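Peer 1: fold the following for me, if possible:
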Amino acid sequence: RSCGRSSPGGWVSIRGLGPRRRSSVSAPRPVGPLQGIRVIELAGLGAAPYAGMMLADMGAEVIRVERVPPPPAYPDVLARGRRSVALDLKQTEGVSVLLRLVESADVLIEGFRPGVTERLGFGPKPCMERNERLIYGRMTGWGQEGPLSKRAGHDLNYIALSGALLAIGPAGGKPVPPLNLVGDFGGGLLLAFGVASALVERQRSGRGQIVDAAMLDAAASFMGMFCGFRSLGLFEDATGENMLSGAAHFYDTYETKDGGFVAVAAIEPEFYRRLVDKLGLDPDEFLPHGFRGVGVRQDPAAWAVLKVRLAELFRTRTRAQWVELLEDTDTCVAPVLGLSEAAAHPHNQARATFVDIDGVTQNSPAPRFSRTPAEIPEPARRPGEDTLSVLEQNGLDREEIDRLMGLGVVSWPDRRAQEDTDG
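Peer 2: Presented below is the predicted three-dimensional model:
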């Protein structure tokens, strides 16, 4: 199922996004605001691939460099919209091929631990000697320097050190992992933003630079507002003790009669008054305890009592019944949906927030642009699928490619199939 509008010929058209066929074996055709920007992405996990997806979604030509032998193919949404080559970067000749690709690139992004690319011969110095306009994007957990910079870690470790994790979880309970949204994908977004900023600066200076994006920094950046709250004595370093972490009765989730959940976020006074009215609650009991503004002391003890009242009330009807009652009332109440339900929700369908690409329902490119819409991306290529065509386009002749293939420096999953496609 496509979440866009179908037209003759099997094209999908989405407002703010350009059309494309639902399924195609052709290499991605860059459109969008980053059209004309070439990115070399050294394949990794989580954060750096998310940055690569964001850049590719916005129209950059992204060439993803996989290891040799290439890993198995699977429906990897984060790898969509790119061409894929396989290089053995532990061999000197593999590094030489990479540096050749760098010569015509605008951006390189990598997610190795600090010092690894330098040791292997494709750190910032040799790359920028080949191309002084290159933006060298580095994605790490801890950052390029500091006592933890070379230590292993994952999303949860990085946000643990940022102050974010301790605030996420039930009151009196332990911190709860918020998937890997904050560190991994916050970090990837930070890298993509950093790369875009460096590209803008390059228009003035004509020179590239290194972008150091850390997942820890991304999580710390997300805590900026709460740093301000803490300076006013309005933020506690504890789970479930803050207004926006579930302490307030007007900002929490509630179970419904059928085992579903609704999310209540009636912060502003007018929305809170409307919620109290629509739910038939006692205004004398509830209205004094809504949000009264930043810097105004609240009464968390009263919040806890009122939360019990709301929990009892929401269990009297099903989720669908609450949605029917409240969805058009500006009470800031929404159903809590899973991914399958989210794709089918009328609002998401109207905006084509999700799209079906080769049978995988996934997020559409975002944000959207009025003049330079992004194209619905192609599905992820098989790792190494475009090795031959990319190398030929970068000046390597077939004899040289065959020699590198024999040495195990380059690879692709099905040589004959690619020859037939290219021929």
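
Peer 1: in a helix, Phe271, correct?
Peer 2: Yes: under DSSP: H, G, I helix; E, B strand; the rest coil, Phe271 falls within a helix.

Peer 1: give me the neighbour count for the closest residue to it other than its chain neighbours.
Peer 2: Nearest non-adjacent residue to Phe271, counting by CB to CB, 6 or more residues apart in numbering: Cys332, 4.9 Å away. Where you see a C-beta, it was placed from the backbone N, CA and C, and this is true even at glycine. By other CB atoms under 10 Å, 18 other residues sit near Cys332.

Peer 1: my read: Cys332 touches Leu275, true?
Peer 2: Yes: assessed by CB atoms under 8 Å, Cys332 is found in contact with Leu275 at 7.1 Å.

Peer 1: which neighbours do the two have in common?
Peer 2: Val264, Ala266 (CB atoms under 8 Å, 6 or more residues apart in numbering).

Peer 1: and Gly295, what pLDDT?
Peer 2: The model reports Gly295 with a pLDDT of 66.

Peer 1: same question but for Gly10, I mixed them up
Peer 2: 33.

Peer 1: just for the stretch 1-150 of the chain, where's the confidence low?
Peer 2: Scanning the stretch 1-150 of the chain for pLDDT under 70 picks out 1-30.

Peer 1: please enumerate the helices of it.
Peer 2: 47-57, 92-103, 116-120, 124-130 (DSSP state H, counting those that start in this stretch).

Peer 1: who are the packing partners of the longest one?
Peer 2: Right, helix 92-103. In terms of contacts (3 or more CB pairs under 8 Å, 6 or more residues apart in numbering; DSSP states H and E), helix 92-103 is packed against strand 38-42, strand 61-66, strand 83-87, helix 124-130.

Peer 1: let's go with 7 Å and repeat that
Peer 2: Applying 3 or more CB pairs under 7 Å, 6 or more residues apart in numbering; DSSP states H and E, we find helix 92-103 packed against strand 83-87, helix 124-130.

Peer 1: give the buried residues for it.
Peer 2: By 16 or more other CB atoms under 10 Å, the buried positions in helix 92-103 come out as Glu93, Gly94, Val95, Val97, Leu98, Leu99, Leu101, Val102.

Peer 1: please apply the same query to the shortest one.
Peer 2: Residues of helix 116-120 classed as buried under the neighbour-count rule (16+ other CB under 10 Å) are Thr117, Leu120.

Peer 1: and that helix, how far out from the chain middle?
Peer 2: From the chain centre to the centre of helix 116-120 is a distance of 27 Å (CA atoms, centre = their mean, to the nearest Å).

Peer 1: quick check: which element contains the residue in the chain sticking out farthest from the centre?
Peer 2: Distance to the chain centre peaks in the chain at Asp284, reaching 43.9 Å (criterion: CA atoms, centre = their mean). According to DSSP states H and E, Asp284 maps onto helix 283-286.

Peer 1: using PDB, write down the CA coordinates of that helix.
Peer 2: Extracted in PDB, the C-alpha atoms of helix 283-286 (Å, rounded to 0.1, in the frame of the first residue of the first chain):
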ATOM      1  CA  PRO A 283     -13.100  22.700  38.000                       C
ATOM      2  CA  ASP A 284     -12.600  23.600  41.600                       C
ATOM      3  CA  GLU A 285     -10.400  20.500  42.100                       C
ATOM      4  CA  PHE A 286      -8.500  20.600  38.800                       C
END
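
Peer 1: related to what we said a few turns ago, so for the residue farthest from the centre of the chain, what's the pLDDT?
Peer 2: Reported pLDDT for Asp284: 96.

Peer 1: again, but for the one 4 residues further on
Peer 2: The predicted local confidence for Pro288 comes out at a pLDDT of 93.

Peer 1: for it, which three-state class applies?
Peer 2: Applying three-state DSSP to Pro288 yields a three-state assignment of helix.

Peer 1: what sits closest to it if chain neighbours are left out?
Peer 2: Ala302 (7.9 Å).

Peer 1: and if you look at Val31?
Peer 2: The shortest distance from Val31 to any non-neighbouring residue, by CB to CB, 6+ apart, is to Glu375 (4.6 Å).

Peer 1: hang on, the earlier thing: Gly143: which of the helices and strands packed on helix 92-103 is closest?
Peer 2: The closest of those to Gly143 is helix 124-130. By CB to CB, the value is 15.1 Å.

Peer 1: sorry, back to before: which one of the buried residues of helix 92-103 is nearest Pro124?
Peer 2: Val102 (10.7 Å).

Peer 1: got the contact list for the closest one?
Peer 2: Residues near Val102 by CB atoms under 7 Å, 6 or more residues apart in numbering: Ile40, Leu108, Cys127, Arg130, Asn131, Leu134.

Peer 1: with that, I have no additional questions.
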